[in-house]
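1. I'll drop the sequence and a predicted model, then ask my questions.
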Amino acid sequence: MNTEEKYTDNFRKLLQETKHYLNLQKEYALMDTADKLTVILSTVAISAICFVLCAMILFFLTFALAYWIGNLTGNLSLGFISISALLAIILLIAFKKRNAWVVQPLARMMVRLFVTKEETNNEQS
């Protein structure tokens, strides 16, 4: 073999190894994405189930509380109006605190999920 053939052969091997490496990186990226999507979807599913169950519990508890207040005051309408006012106040408080209670925790979860420790260490250096 002459020198030119050696270089050509080495270049061909390097090209094959580069293609193999890129395919492995693509597969890794797909697996990593699938893993992160699984975490996100399972979190959404569990959150939705908890939300529905808590909403049902809250519905029945507020209904019972409205009847109880109605019986105490002797006016059933007053019981339901007082519970509606209480829920409106709670809704206003939740709306005012939505950033601290919803947006920031979701942002932190997404950052923890998508930014690895290596990336944060590289940015800090």
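-> Perfect, thanks for sending it.
2. Pull up the per-residue confidence for Thr3.
-> Note for Thr3: predicted pLDDT of 83.
3. I should have written Glu118 there, sorry.
-> pLDDT, read off for Glu118, is 60.
4. Distance check, Ile83 against Cys54.
-> According to Cβ to Cβ, to the nearest Å, Ile83 and Cys54 sit 17 Å apart. Just so you know, the C-beta spots here come from the backbone N, C-alpha and C atoms, and that holds for glycine as well.
5. Revised request: answer the last question for His20.
-> His20 is 51 Å from Cys54, by Cβ to Cβ.
6. In terms of secondary structure, what does the longest helix seen in the chain contact?
-> Taking DSSP state H as the assignment, the helix of the chain that covers the most residues is helix 3-73. Here helix 3-73 touches helix 76-96, helix 104-114, going by 3 or more Cβ pairs under 8 Å, 6 or more residues apart in numbering; DSSP states H and E.
7. Among Ile83 and Cys54, which residue is more densely surrounded?
-> Ile83 (20 against 10; other Cβ atoms under 10 Å).
8. which ones are touching that one?
-> Going by Cβ atoms under 8 Å, 6 or more residues apart in numbering, Ile83 touches Thr62, Leu65, Ala66, Ile69.
9. Not counting sequence-adjacent ones, nearest residue to it?
-> Nearest residue to Ile83 in three dimensions, chain neighbours excluded: Ala66, at 4.2 Å (Cβ to Cβ, 6 or more residues apart in numbering).
10. wait, what's in contact with the one you found?
-> Counting by Cβ under 8 Å, 6+ apart, Ala66 has contacts Leu76, Gly79, Phe80, Ser82, Ile83.
11. number of nearby residues for Gly79?
-> 20.
12. which of the helices and strands packed on helix 3-73 has the lowest average pLDDT?
-> Among these, helix 104-114 scores lowest, with a mean of 89.
13. For Glu4, find the nearest of the helices and strands packed on helix 3-73.
-> For Glu4, the closest of the helices and strands packed on helix 3-73 is helix 104-114, at 47.6 Å, according to Cβ to Cβ.
14. Now do the same for the residue nearest the centre of the chain: its pLDDT.
-> Nearest to the mean C-alpha position of the chain, counting by Cα atoms, centre = their mean, stands Ile40 at 5.0 Å. Note for Ile40: predicted pLDDT of 92.
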